[in-house]
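Q: here's my sequence, what's the structure:
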Amino acid sequence: MEISEVIRCRGHVNIRGLHRTTFEITREDELSPKGDCIIGVCSDKGAADLSDDFCSLLADDAAILTTRLQAGDITCDILSHGSREMTLDHLTDLVWRRSNFVCGRTIGTRSDYVARTLPRELIGLLSAGTEMTVTLTACRKE
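A: Numbering: from 1, shown residues only. This next block holds a predicted model:
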């Protein structure tokens, strides 16, 4: 079984993409320079806006999440894992984590990319305010 969600957001002049353990997109429209994990603002979805079917599929230790970030002509695919502890109930944020930590904002654990390791060309486009499409595809190993 596989379910996808598409999220649209944009970059911001303060996007730096330097965080060592996470990356995040948010519905918020402002970003301070301290938010070095945030790579997208003005998202059209937060965790709580994802479909019930998608959330149910991802809230399983056997779930795999593939995230495609696309801005301009740059694409990056991220592999993460789901967790039975996921609630996906945060109103504004989605966070991908290198660790197994889970809270209401967590959409992916054990991610193979974090803000600091994303392609610098992508971060450059986002810091210039480029729009980004985030495609989430959850599946469960049978």
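
Q: which ones are touching residue 88?
A: For residue 88, the contact set (C-beta atoms under 8 Å, 6 or more residues apart in numbering) comprises 47-48, 50, 55, 58-59, 104, 106-107. C-betas here are computed from N, CA, C, even on glycine.

Q: repeat that for residue 11.
A: Residues in contact with residue 11, defined by C-beta under 8 Å, 6+ apart, are 39-41, 71, 125-132.

Q: mind doing that once more with 6 Å?
A: Counting by C-beta atoms under 6 Å, 6 or more residues apart in numbering, residue 11 makes contact with 126-127, 129-130.

Q: one more: residue 16?
A: Contact analysis of residue 16 by C-beta under 6 Å, 6+ apart lists residue 36.

Q: distance check, it against residue 118.
A: Using C-beta to C-beta, to the nearest Å, we find residue 16 at a distance of 11 Å from residue 118.

Q: cool, and residue 87?
A: Taken as C-beta to C-beta, the span from residue 87 to residue 118 is 26 Å.

Q: show me which of these two is the more surrounded one.
A: Higher neighbour count among residue 87 and residue 118: residue 118, with 19 against 15, using other C-beta atoms under 10 Å.

Q: pLDDT at that one, what is it?
A: What the model reports for residue 118 is a pLDDT of 98.

Q: can you tell me how far it is from residue 112?
A: 11 Å.

Q: same question, residue 103
A: Distance of residue 103 to residue 112, computed by C-beta to C-beta: 20 Å.

Q: repeat for residue 1
A: 22 Å.

Q: the two: who's more crowded?
A: Neighbours were counted for residue 1 and for residue 112 using other C-beta under 10 Å; residue 112 has more, 13 against 9.

Q: appreciated, that's everything.
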